[in-house]
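Student: Structure for this input, please:
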Amino acid sequence: MQRKRFLLGVVGALSTMVLAGAAAVDASNSTSGATPRSKLTVTAPAAPGGGWDLASREFQQALRAGSIVNNVQVVNVPGAGGTIGLGQFVELGADPTRLMMTGTVMEGAITVNKSRVDLDDTTPIARLAEDYQVFIVPAKSPYRTLQDFMAAWRKNPHSHAVGGGGLGGTDHLLAGLAAREAGIDPKDVNYISFAGGGEVLTALLSNTVEIGVSSYNDFRDQIEAGNLRALAVSADEPVPGIDTPTFIEQGVDVSLPNWRGLVAPPGISDEQRQELTDIVTEVVRTPEWEDALTRNKWVESLLTGDEFADFIREDQARVNTIIEELGL
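Tutor: So this is what the prediction gives:
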């Protein structure tokens with residue numbers, strides 16, 4: 001009788017442990033009742049220090065300063081122009097406490113890397129701002145103007161190494177568009193891709209490449225210190241705070257904005273989407289976000305809801321056309 005009671009006790013204990021373990025697994029796989037106002041995690045699909053990381057952390061600081069969300073974190077998932085982060089993000093399921101920073105670079109990477117998922121697999125929330133790329137050279141470079149470089153580039157395209165970000169990204173597209181305007185076959189451009197603006201800067205200063213292409217912010221400190229000279233900026237019109245002429249102002253019909261925006265995982269409800277949209281709208285009204293725009297030389301371009309979803313589809317098609325035309 002004692003042995004039977006002992007065995008029943010063991011079985012009961014094991015059953016309790018199994019149920020407790022299952023409950024723990026269920027809890028770990030759920031948001032535990034969290035809402036976007038209580039907890040928010042922003043995925044920056046790039047390494048620390050890049051453009052998406054900067055935008056994510058500026059967004060985080062504005063959320064905190066405005067007391068808009070109780071707990072907000074940024075996580076970095078680098079690789080393949082953001083498509084690794086995109087793939088992981090889509091698999092999160094309908095979690096309304098997650099957002100991912102995205103933009104033009106990811107659109108190019110989706111096509112060039114033949115990504116199995118794209119931005120149609122997410123829930124668009126808001127476009128925040130536009131950033132711009134620059135053509136940059138060391139201060140000792142013989143190229144004083146964009147036309148100086150274009151003239152030399154035209155004579156022998158392959159002898160002039162151009163350094164920028166990943167293949168298919170905005171840096172690569174801008175180099176290809178500028179080459180085409182110079183009468184150069186984009187396929188002949190000696191483009192060397194790097195993981196980010198920091199590596200491009202190192203390559204420039206060590207003379208590994210002759211000209212660099214990246215976000216203005218990646219080079220800003222070195223420009224202001226007089227170590228680098230910006231030849232052209234990829235905006236449609238002059239950008240306040242950037243003392244560099246546009247390509248268009250210099251007779252080269254090229255412009256390429258690099259937008260930054262936020263998407264949520266697929267499958268969230270309309271109410272959850274609206275709550276996330278409201279949160280973003282509150283952020284862009286804070287003085288902290290306005291300060292971020294000024295400091296980083298970003299141009300506000302807020303677009304939300306279905307209008308933002310339509311914009312993504314149209315812009316993805318535009319980027320795809322550029323990639324096809326350039327043979328990239």
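Student: for stretch 42-55, how far is the first residue from the last?
Tutor: 10 Å (Cα to Cα, to the nearest Å).
Student: next one: that stretch to chain centre, how far?
Tutor: 7 Å (Cα atoms, centre = their mean, to the nearest Å).
Student: I'd guessed residue 204 sits against residue 136; true?
Tutor: Yes - using Cβ atoms under 8 Å, residue 204 is in contact with residue 136, at 6.8 Å. In this view, the C-beta of every residue, glycine as well, is placed from N, C-alpha and C.
Student: Need the overlap of contacts for those two.
Tutor: Applying Cβ atoms under 8 Å, 6 or more residues apart in numbering, one finds that residue 204 and residue 136 are jointly contacted by 211-212, 228.
Student: Of the residues you listed, which is the most crowded?
Tutor: residue 212 (31 neighbours; other Cβ atoms under 10 Å).
Student: Give me the phi and psi angles of that one.
Tutor: When read as degrees, to the nearest 10, the backbone of residue 212 gives phi -120, psi 150.
Student: Can you give me every residue that contacts it?
Tutor: Contacts for residue 212 (Cβ under 8 Å, 6+ apart) come out as 135-137, 162-164, 200-201, 203-204, 219.
Student: What of residue 264?
Tutor: Residue 264 makes contact with 96, 98-100, 122-123, 125, 272-273, 276, according to Cβ under 8 Å, 6+ apart.
Student: Number of residues surrounding the nearest residue to it once chain neighbours are set aside?
Tutor: Counting by Cβ to Cβ, 6 or more residues apart in numbering, the nearest residue to residue 264 once its immediate chain neighbours are dropped is residue 123, at 4.2 Å. Neighbourhood size, residue 123 [other Cβ under 10 Å]: 21.
Student: Touching, residue 123 and residue 262? I think so.
Tutor: No - using Cβ under 8 Å, residue 123 is not in contact with residue 262, being 9.9 Å away.
Student: Helices - which of the contacts of residue 212 land there?
Tutor: The helices, defined by DSSP state H, take in 200-201, 203-204, 219 from those.
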